[in-house]
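Colleague: I need the structure of the sequence given here:
(one chain, ligands or ions: 1)
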Amino acid sequence: MPMKFNTKTIHGGQKDIDPAYNSVMAPIYQTTTYRQSSPGHHLGFEYSRGANPTRSALQKSIASIENGKHGIAFGSGLAAIDAVLKTLQPGDEVVATKNIYGGAYRLFENVYKTFGIQFHFVDLQNAKDLEQHLEAKTKLIWIETPTNPMMNIIDVKVVSKLAKQHNILLAVDNTFATPYLQQPLELGADIVMHSGTKYLGGHSDVVLGALVVNDDQLAEQLFFIQNASGAIPGPMDCFLVLRGIKTLHLRMQRHCENAKTIANFLHQHPKVEKVYWPGLLNHPNHSIAKSQMKAYGGMVSFSMKGDSQEEAVQFLERLRVFTLAESLGGVESLAGHPATMTHGSIPKEERLKIGILDSLIRLSVGVEDQDDLIKDLQQALS
Ligand SMILES: Cc1ncc(COP(=O)(O)O)c(C=O)c1O
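Modeller: Numbering: from 1, shown residues only. As a prediction, this is how the structure comes out:
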């Protein structure tokens with residue numbers, strides 16, 4: 001029976017998940033190996049780097065909520081990105097969004113560049129500009145939308161159309177939006193990537209990554225890399241993300257509602273210079289966000305008048321309900337300072353070019369009572 005998104009988060013890909021005892025939740029198969037009745041005769045599992053039933057349950061769940069055919073799980077979001085890059089060859093080129101997650105930038109520039117892959121970082125907010133950056137050697141376009149931490153929105157449909165015309169794979173990091181808000185494969189992307197550490201897990205207690213693809217050949221290649229390179233998640237971690245996904249729709253709804261209230265509050269605050277949240281009418285890509293997303297997400301960034309790093313640090317130190325910490329997407333509200341934390345690995349001149357000012361604060365708005373969140377921001381800004 002076809003299922004809607006809110007049903008898929010709970011049941012998607014989970015039919016007959018435990019033929020042994022019909023358990024409703026996928027069991028944590030904490031085993032490395034599986035008994036064979038005769039060499040090569042087994043029930044589909046041989047060794048847990050290659051496949052594990054708890055991981056398979058998670059992979060099917062993630063594929064289902066992304067409306068994709070194949071889910072492939074990894075030990076972290078970066079391991080998932082790494083697997084995509086391993087499909088390339090020396091001499092290949094990649095066009096990536098200018099304002100990507102700092103860890104992805106570091107992997108591209110400090111690891112894969114030394115293996116002979118060239119990366120071009122391009123502002124894709126006007127997606128039509130992309131064409132002039134595509135070369136015969138371009139094999140992959142890597143985008144995030146909304147971007148981290150500037151919340152730029154990229155038109156996935158326009159980019160995917162150009163990618164298809166030039167026979168280039170398009171990968172979308174869907175960590176910030178989650179499939180609750182947008183499903184990149186439906187918009188024409190070839191690969192969806194997730195840091196499951198964030199909203200999919202949802203409780204800041206597990207590090208995990210995933211890819212979703214429709215193409216069988218590409219899936220085969222990525223499953224091969226998953227096993228050959230071995231950056232797999234353990235069964236307990238797969239269980240935690242699988243459990244997290246079951247409440248993704250409920251949490252995302254509240255994250256979005258709370259973020260809207262906070263973005264509007266900050267927008268009117270006299271100490272705030274600029275608020276970056278795609279739901280605000282003055283956001284430069286608001287109309288694209290409106291057309292490709294169901295709502296505008298739980299991530300809000302803002303800069304302060306005077307752009308003083310000292311004042312930004314004081315604000316962060318004063319917070320009581322928000323926790324000053326790396327990461328995002330959990331039930332608890334977090335605040336961070338991209339210039340010194342998540343994006344510290346990007347050189348300052350590059351950071352400033354993309355708008356990561358010294359006073360920029362990134363909020364991962366949680367699902368607490370919004371009155372308490374507003375009061376906390378108010379006292380920390382005062
Ligand atoms: C947008 C985005 N993509 C990828 C990653 C990397 O994920 P992980 O930390 O699970 O390796 C992060 C981590 O913060 C992220 O924010």
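Colleague: Every contact and neighbour count from this point should use C-alpha atoms.
Modeller: Will do.
Colleague: Give me the phi and psi angles of residue 97.
Modeller: The phi/psi pair for residue 97 (degrees, to the nearest 10) reads phi -60, psi 140.
Colleague: Look at it and say how many residues are nearby.
Modeller: If you count neighbours by other CA atoms under 10 Å, residue 97 ends up with 23.
Colleague: Specify the beta-bridge partners of it.
Modeller: residue 122 (DSSP bridges).
Colleague: pretty sure it is touching residue 123, no?
Modeller: Yes: proximity of residue 97 to residue 123 meets the contact threshold set by CA atoms under 8 Å, at 5.8 Å.
Colleague: What parts of the protein come near the ligand?
Modeller: When proximity is defined by CA under 6 Å from any ligand atom, the chain lies next to the ligand at 76-78, 101, 148, 175-176, 195, 197, 207-209, 327.
Colleague: Give me the subset of the residues you listed lying in strands.
Modeller: Judged by DSSP state E, strands contain the following of the residues of the chain next to the ligand: 195, 209.
Colleague: For the residues of the chain next to the ligand, please prepare JSON lines with the additional fields distance to residue 378, neighbour count and pLDDT.
Modeller: Conversion of the residues of the chain next to the ligand to JSON lines gives the following (distance: CA to CA, whole Å; neighbours: other CA atoms under 10 Å; pLDDT from 0 to 100):
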{"residue": "76", "distance to residue 378": "35", "neighbour count": "21", "pLDDT": "98"}
{"residue": "77", "distance to residue 378": "34", "neighbour count": "25", "pLDDT": "98"}
{"residue": "78", "distance to residue 378": "35", "neighbour count": "21", "pLDDT": "98"}
{"residue": "101", "distance to residue 378": "28", "neighbour count": "19", "pLDDT": "89"}
{"residue": "148", "distance to residue 378": "24", "neighbour count": "22", "pLDDT": "89"}
{"residue": "175", "distance to residue 378": "29", "neighbour count": "26", "pLDDT": "98"}
{"residue": "176", "distance to residue 378": "25", "neighbour count": "26", "pLDDT": "97"}
{"residue": "195", "distance to residue 378": "31", "neighbour count": "28", "pLDDT": "98"}
{"residue": "197", "distance to residue 378": "29", "neighbour count": "27", "pLDDT": "98"}
{"residue": "207", "distance to residue 378": "32", "neighbour count": "20", "pLDDT": "98"}
{"residue": "208", "distance to residue 378": "34", "neighbour count": "27", "pLDDT": "98"}
{"residue": "209", "distance to residue 378": "35", "neighbour count": "28", "pLDDT": "98"}
{"residue": "327", "distance to residue 378": "23", "neighbour count": "16", "pLDDT": "94"}
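Colleague: residue contacts, residue 227?
Modeller: Counting by CA atoms under 8 Å, 6 or more residues apart in numbering, residue 227 touches 49, 50.
Colleague: Let's verify residue 275: helix, strand, or coil?
Modeller: strand (DSSP: H, G, I helix; E, B strand; the rest coil).
Colleague: If it is in a bridge, with which residues?
Modeller: Bridge pairing for residue 275 - DSSP bridges - gives residue 302.
Colleague: Give me the distance between residue 169 and residue 108.
Modeller: To residue 108, residue 169 is 16 Å away according to CA to CA, to the nearest Å.
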